[in-house]
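quick check, what structure comes out for this input:
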Amino acid sequence: MHVEKTIGSAILSVFNDAPDALAVGLPTSSPWRCIANTDIQFPVGLKGSHLGGCRPDLAIQAIRHAQVQVVKDAVVFVAEAKKDTISYERGVAQMAFAIHCTLLMLLTEHYSRQGWEIGPLNEDQAKVLLPDNFFILSIYYWGRGMRILANYPTLVQVSRGVYQWRLCCSLLRQYEQPHDQSTLTYQHKFTLYRAILSVEQHVTNLKHLFCETDYRSVVEPTFDTIQGHQVAGDYNRGKANIRLFLDLHGRDRQK
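Numbers count the residues shown, from 1 in each chain. This is a model prediction of the structure:
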């Protein structure tokens, strides 16, 4: 990871310094690891092998032997650095590969909550929306800017009354240093840090989802249409079926 670059250093500092402030049962060590240029571990049942040659510049992944119950191998954030924007599509593909299994975990959780068998959906099932926090953010950055992307599952109709999932990636925001400036101004640095902290907030929400322990409260803004003003809303929407994922992980170990 190019930590010597201003943007890379900012991303690394936010995720390295962000406290895993648990509401209760704070373990002596976090069930999550911040890794740089290290192989991502994959569930065999979802990827076909434990290691798939994926070494992102930065990733946040659940530890397999954590002291608290966690959805093992879940990746809740990934970042990739390149020298310029020419390698953008390649970088996006590398990040998508790193979080592919975790997006499938989110779909597995959705099916579990609805009591469905894994497979295509019918017309009525397709009307049941995914929870709106079931997406993963990633950051592509280079020496003069960064792009924040959302990675998420979406339904497509493959035949009459039959729907299947596709994994998508969409650009949310782009920040780039003006070409007439040799260094980032304080205003640009503040904007970058604020954007990275917003990403870190969603990462915390996913940690709460994938871990049995309660993480610090994460709040999203909601709008009161009657009063006409913004009010605070709870962004922690329950827990994943930890027991289900532990069972799936146990089956993986037998392969």
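
for the protein, which segments count as helices?
Along the chain, the segments classed as helices by DSSP state H run 6-17, 44-47, 88-114, 123-126, 186-210, 242-253.

now tabulate these in TSV and tack on mean pLDDT, mean neighbour count and distance to Glu80.
Every C-beta, even on glycine, is put in place using the N, C-alpha and C of the backbone. Shown next, in TSV, are the helices of the chain (pLDDT from 0 to 100; neighbours: other C-beta atoms under 10 Å; distance: least, C-beta to C-beta, whole Å):
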stretch	mean pLDDT	mean neighbour count	distance to Glu80
helix 6-17	80	17	10
helix 44-47	66	16	19
helix 88-114	93	19	4
helix 123-126	96	12	33
helix 186-210	88	18	14
helix 242-253	73	14	26
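
and those: which comes nearest Pro56?
Nearest of those to Pro56, taken as C-beta to C-beta: helix 88-114 at 5.0 Å.

any idea how far that closest one is from the chain center?
Remark: helix 88-114 is offset 8 Å from the chain centroid, using C-alpha atoms, centre = their mean, to the nearest Å.

for the residue lying closest to Leu58 once chain neighbours are set aside, give me its contacts.
Spatially, and ignoring its direct neighbours in sequence, Leu58 is nearest to Ala79 (4.1 Å; C-beta to C-beta, 6 or more residues apart in numbering). Each residue near Ala79 by C-beta atoms under 8 Å, 6 or more residues apart in numbering is listed here: Met1, Ile11, Pro56, Asp57, Leu58, Ala59, Met95, Ser138, Ile139, Tyr140, Tyr141.

kindly report the same for Glu109.
Glu109 sits next to Phe134, Leu209, Ala240, Asn241 when contact means C-beta under 8 Å, 6+ apart.

just to revisit the earlier point, save the helices of the chain as a markdown table, and put in distance to Gln157 too.
A markdown table is the format used below for the helices of the chain (distance: least, C-beta to C-beta, whole Å):
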| stretch | distance to Gln157 |
| --- | --- |
| helix 6-17 | 38 |
| helix 44-47 | 25 |
| helix 88-114 | 17 |
| helix 123-126 | 8 |
| helix 186-210 | 28 |
| helix 242-253 | 28 |
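
out of those, the one nearest Cys34 is which?
Cys34 sits nearest to helix 6-17 of all the helices of the chain, at 5.3 Å, using C-beta to C-beta.

next one: the closest one to chain centre, how far?
Worked out by C-alpha atoms, centre = their mean, helix 6-17 lies 16 Å from the chain centre.

and it, what other elements does it pack with?
Packing partners of helix 6-17 (3 or more C-beta pairs under 8 Å, 6 or more residues apart in numbering; DSSP states H and E): strand 58-62, strand 75-81, strand 136-142, strand 145-159, helix 186-210.

could you give the angle of the last one to strand 58-62?
When axes from the mean of the first three to the mean of the last three C-alpha atoms, to 10 degrees is applied, the directions of helix 186-210 and strand 58-62 differ by 20 degrees.

between helix 6-17 and helix 186-210, find me the angle.
Using the same axes, to 10 degrees: helix 186-210 against helix 6-17 is 40 degrees.
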